[in-house]
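Student: attaching a predicted model along with its sequence, questions to come.
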Amino acid sequence: MLPLLQLVPAKLLNSSCSLKKTLQCSCSFHGIPTPSVQWWMGGVPVGVDGMDGSLQVTSTVLGPWANSTISLTEEPEMGMRLLCEGKNQNRTHALSILLMSRKSSLASQAFVKGLIQGAIYAGVVIALLFLCLLPLIVKHIRKKQVKKAAAIRAKNSSKVRASQELEMSLKPEEPGKPIVTTFSESHILEKQDKRAS
């Protein structure tokens, strides 16, 4: 009696893609029973003969291993998905590959162009915001300057007033008229007492 083989779920062991004259992608699956491999392009299954002659699929099976390769003779559409699916009765295992056209540099150029435009628009918005806020900034600066000037004027005017008052107290009220000082009687008596002694 032969021993029963242990069932092993399908598992993707290896995958690769290379681009020379054509794009070639391959997938290798392992499992017991041997997995079947199916390729899908944009959600549509690809037969062994390919689709519209632009795809060619070749598959080989060796014991519990299944290998399959797909060749694309035409450039794929931007963002097209290629799916490699291996399955047996225990499990389905798949690999999704996002295909980019050689013209995809246009996408990166569009991104860079959008990024530059965004930076320019941001600069314009900042400049407009600054121009809108400029009158408020100028008003605020002038207000500070006016307060500072008023404080300096007040300080200077109090000094001027004090010096004018001092000058006024030293000057005669009428030109040519002597300054008359009045002394209190006790002050005069004090001076007389000092002279007498």
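Tutor: Yep, that arrived. Residues are numbered from 1 along each chain as shown.

Student: buried ones in the longest strand along the chain, by neighbour count?
Tutor: Counting residues, the longest strand found in the chain (DSSP state E) is strand 8-19. Neighbour-count burial for strand 8-19, with 16 or more other Cβ atoms under 10 Å as criterion, is recorded at 8, 10, 12. Every residue, glycine included, has its C-beta placed from N, CA and C.

Student: list the contacts for the closest residue to the first one other than its chain neighbours?
Tutor: By that I understand Val8. Leaving aside its chain neighbours, Val8 sits nearest to Ile32 (4.2 Å; criterion: Cβ to Cβ, 6 or more residues apart in numbering). Listed by Cβ atoms under 8 Å, 6 or more residues apart in numbering, the contact set of Ile32 reads 5-8, 64, 88.

Student: now those residues in TSV, with distance to Thr22 and pLDDT?
Tutor: Formatted as TSV, these follow (distance: Cβ to Cβ, whole Å; pLDDT from 0 to 100):
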residue	distance to Thr22	pLDDT
Leu5	38	68
Gln6	39	83
Leu7	37	87
Val8	33	89
Pro64	29	90
Asn88	30	90
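
Student: please pick the buried ones from those.
Tutor: Looks like the contacts of Ile32 have 8, 64, 88 buried, using 16+ other Cβ under 10 Å.

Student: by mean pLDDT, which helix or strand of the protein comes out lowest?
Tutor: When the helices and strands of the chain are scored by mean pLDDT, DSSP states H and E, helix 185-196 comes last with a mean of 56.

Student: now the strands for this protein?
Tutor: Under DSSP E, the chain gives strands at 8-19, 23-32, 36-41, 44-46, 55-62, 65-72, 80-87, 92-99.

Student: distance to Ser157 for the ones you listed - can I get that in JSON lines?
Tutor: Shown next, in JSON lines, are those (distance: least, Cβ to Cβ, whole Å):
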{"stretch": "strand 8-19", "distance to Ser157": "88"}
{"stretch": "strand 23-32", "distance to Ser157": "90"}
{"stretch": "strand 36-41", "distance to Ser157": "92"}
{"stretch": "strand 44-46", "distance to Ser157": "93"}
{"stretch": "strand 55-62", "distance to Ser157": "96"}
{"stretch": "strand 65-72", "distance to Ser157": "92"}
{"stretch": "strand 80-87", "distance to Ser157": "85"}
{"stretch": "strand 92-99", "distance to Ser157": "81"}
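
Student: to Ala151, which of the ones you listed lies closest?
Tutor: Counting by Cβ to Cβ, Ala151 lies closest to strand 92-99 out of the strands of the chain; the figure is 70.7 Å.

Student: regarding this protein, what is its longest helix?
Tutor: Selection of the longest helix in the chain by residue count, based on DSSP state H, yields helix 105-170.

Student: from what I see, Ser71 and Gln24 are in contact.
Tutor: Yes - between Ser71 and Gln24 there is a contact under Cβ atoms under 8 Å: 5.0 Å.

Student: returning to what we had before: counting by contacts, list what the longest strand of the chain packs against.
Tutor: For strand 8-19, the contact count by 3 or more Cβ pairs under 8 Å, 6 or more residues apart in numbering; DSSP states H and E identifies strand 23-32, strand 80-87, strand 92-99 as packing neighbours.
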